[in-house]
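Visitor: Could you work out the structure for the sequence below:
(2 chains)
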Amino acid sequence: GEDVEQSLFLSVREGDSSVINCTYTDSSSTYLYWYKQEPGAGLQLLTYIFSNMDMKQDQRLTVLLNKKDKHLSLRIADTQTGDSAIYFCAETGYGGSQGNLIFGKGTKLSVKP
Amino acid sequence: NAGVTQTPKFQVLKTGQSMTLQCAQDMNHEYMSWYRQDPGMGLRLIHYSVGAGITDQGEVPNGYNVSRSTTEDFPLRLLSAAPSQTSVYFCASRPQVATNEKLFFGSGTQLSVL
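Guide: Below is the predicted model:
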């Protein structure tokens, strides 16, 4: 079935770059997403990439998509303590409805000062 | 706009009790959904709706019922609560079903079943 895999933890120092990786299984996914969850809150969309793109940059965020390997990554440049959160990778497509998202288990990013 | 509003924020139930988690959105979104979030499991889809009067099951629907009598509201009912339903529940909506538009999430309901 459809599945999205992420590593569970990442720890970096303030000012370094963070790279969060994700693999997915559904090659028909139209869009791939990165959501951010801060403690005690719901998820907020960080960025997304259309499946026919290789890269998307948005200020400190860079998304790389390797469709051949079904690998998605999120790079956060100059990571700040405010970036500490759980980051979820998600793909579209479930049970025939492109409106549903399949989420990974989330990567908890800890930023040390 | 208030966005997606979930109530209550916290709830403690005893095994076998029933309750309804409320979700309302004021953005005229067609698509609404319920997820549960468990440690190490990410978010799993419980039920979803693509419009008033239309609902369907997600990945983990057992033990939950939903209805969508209006565009605004999408309540989630636990008929007979079990400890396995202890979780954080999120309601989410988007304008239409199959678009690249983002999901708007509520702030969650933390449910404990004793």
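
Visitor: what's the distance between the residue of chain B found nearest chain A and residue A:18?
Guide: Closest to chain A within chain B is residue B:105: 3.3 Å, counting by Cβ to the nearest Cβ. Using the backbone N, CA and C atoms, a C-beta is placed for each residue, glycine as well. According to Cβ to Cβ, to the nearest Å, residue B:105 stands 22 Å off from residue A:18.

Visitor: Skip the chain neighbours and tell me the closest residue to residue B:3.
Guide: Taking Cβ to Cβ, 6 or more residues apart in numbering or on different chains, and ignoring the residues beside it in sequence, residue B:3 has residue B:104 as its nearest neighbour in space, at 5.8 Å.

Visitor: Look at that neighbour and say how many residues are nearby.
Guide: Summarising burial for residue B:104: neighbours were counted as other Cβ atoms under 10 Å in any protein chain shown, giving 21.

Visitor: for residue A:64, same thing?
Guide: 17.

Visitor: List the contacts of the helix or strand that it is a member of.
Guide: Residue A:64 belongs to strand A:61-66 when elements are defined using DSSP states H and E. Residues from elsewhere that reach strand A:61-66 (Cβ atoms under 8 Å, 6 or more residues apart in numbering or on different chains): A:32, A:34, A:46-49, A:51, A:53-57, A:71-77.

Visitor: Mind listing what's buried along that strand?
Guide: Counting neighbours by 16 or more other Cβ atoms under 10 Å in any protein chain shown, one finds that the buried residues in strand A:61-66 are A:62, A:63, A:64, A:65.

Visitor: And stretch A:42-57, by the same measure?
Guide: Here stretch A:42-57 shows A:42, A:43, A:46, A:47, A:48, A:49 as buried, counting by 16+ other Cβ under 10 Å.

Visitor: ok, and which of these reach chain B?
Guide: If you filter the buried residues of stretch A:42-57 for contact with chain B, counting by Cβ under 8 Å from any Cβ of the partner chain, you are left with A:42, A:43, A:48.

Visitor: What residues does chain B have near chain A?
Guide: Counting by Cβ under 8 Å from any Cβ, chain B sits next to chain A at B:4, B:31, B:33, B:35, B:40-45, B:48, B:50, B:56, B:58-59, B:90, B:92, B:94, B:96-100, B:102-103, B:105-108.

Visitor: So, low pLDDT: which residues of chain B?
Guide: For chain B, applying pLDDT under 70 flags the ranges B:1, B:97-100.

Visitor: er, chain A I mean
Guide: In chain A the weaker segments, taking pLDDT under 70 as the threshold, are A:1-2, A:93-99.

Visitor: By proximity to chain B, which residue of it wins?
Guide: Residue nearest to chain B within chain A (Cβ to the nearest Cβ): residue A:42, separated by 3.3 Å.

Visitor: who's the residue nearest to that residue when sequence neighbours are not counted bridged to?
Guide: Among residues not flanking residue A:42 along the chain, residue B:105 sits closest, at 3.3 Å (Cβ to Cβ, 6+ apart). Note on residue B:105: beta-bridge partners by DSSP bridges are residue B:92.

Visitor: Neighbours of residue B:105, how many?
Guide: By other Cβ under 10 Å, the residues close to residue B:105 number 23.
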